[in-house]
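**Q** sequence unknown, structure follows:
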């Protein structure tokens, strides 16, 4: 039996009409897909309804961690394994083949998967996007909020898969900018709430205010070699630099207001 029969896919959505169709199309071999939607106002629900292996559940969004935990515990998922995907994660055929052939030992609780970062379908040479544990045993996992996003807490050992997910977000730039401004607020709240000793080195650099945007610009352009990816690479460099600028501005504003 294919290991795919043991997996339920869980996807969170909010106004993901520009992405969800491509993601679901790549998952036709999976027997069960649950789309947990935050009351989208676009065509997300209509697109989801076209896939017979997919069901839509709705819940008002409060935090990423709460939304994912609701999906794991309150959406009638009975399969042992969950493949947790964002709506812009497109599984390649080679990754699905690798997952189908798995025979996990009892000691393995999850699998870490890396990404090909794409800009409008064009893969970049590299990105800052880290691998994540996206495939895991449902009853050994839960999420906690960390800054603007969630962190999976896995009870047990995780292994890595060799094939990658295509991260290919095709929502308009205006939507991305609005999201990044909110993410910057949440990220800075997290940075200011933590003890400095608890922060990663990158976050300690962020708290300095000014170096992070400059370092990210040159790191993505040169060290990650986005310079060789042409216009898509340049687009990504500008995106990541702007994201860091928004965080730096949020830090500067909070410090200025505290002295006013």
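**A** Thanks, I have it. Because the structure is predicted, anything quoted here is derived from the model rather than measured. Residues are numbered from 1 along each chain as shown.
**Q** and the helices in the stretch 151-260 of the chain, which stretches?
**A** For the stretch 151-260 of the chain, applying DSSP state H, counting those that start in this stretch gives helices covering 173-193, 201-207, 211-218, 230-259.
**Q** how about the longest one: buried residues?
**A** Applying a neighbour-count criterion of 16 or more other Cβ atoms under 10 Å, one finds 232-233, 235-237, 239-248, 250-251 buried in helix 230-259. Bear in mind the C-beta positions are built from the backbone N, C-alpha and C, glycine included.
**Q** how close does residue 161 get to residue 17?
**A** Between residue 161 and residue 17 the computed distance is 29 Å (Cβ to Cβ, to the nearest Å).
**Q** I should have written residue 220 there, sorry.
**A** From residue 220 to residue 17 the distance is 29 Å (Cβ to Cβ).
**Q** neighbour count for the two, which is higher?
**A** residue 220 (24 against 19; other Cβ atoms under 10 Å).
**Q** contacts only, for that one.
**A** By Cβ atoms under 8 Å, 6 or more residues apart in numbering, residue 220 lies in contact with 127, 128, 226, 236, 237, 240, 241.
**Q** mind checking how far the closest residue to it other than its chain neighbours is from residue 127?
**A** Distances taken as Cβ to Cβ, 6 or more residues apart in numbering put residue 237 closest to residue 220, at 4.6 Å, once the chain neighbours are dropped. Counting by Cβ to Cβ, the separation of residue 237 from residue 127 is 10 Å.
**Q** the residue lying closest to residue 32 once chain neighbours are set aside: what's it in contact with?
**A** Nearest residue to residue 32 in three dimensions, chain neighbours excluded: residue 8, at 4.4 Å (Cβ to Cβ, 6+ apart). By Cβ under 8 Å, 6+ apart, residue 8 lies in contact with 32, 33, 34, 77, 78, 79, 81, 82, 83, 138.
**Q** let's see that with 6 Å instead.
**A** The contact partners of residue 8, taken as Cβ atoms under 6 Å, 6 or more residues apart in numbering, are 32, 77, 79, 82.
**Q** now do the residue nearest the centre of the chain against residue 11, distance only.
**A** Nearest to the mean C-alpha position of the chain, by Cα atoms, centre = their mean, lies residue 86 at 5.5 Å. From residue 86 over to residue 11 the distance is 7 Å, taken as Cβ to Cβ.
**Q** do the same with residue 50
**A** As for residue 50, its distance to residue 11 is 15 Å (criterion: Cβ to Cβ).
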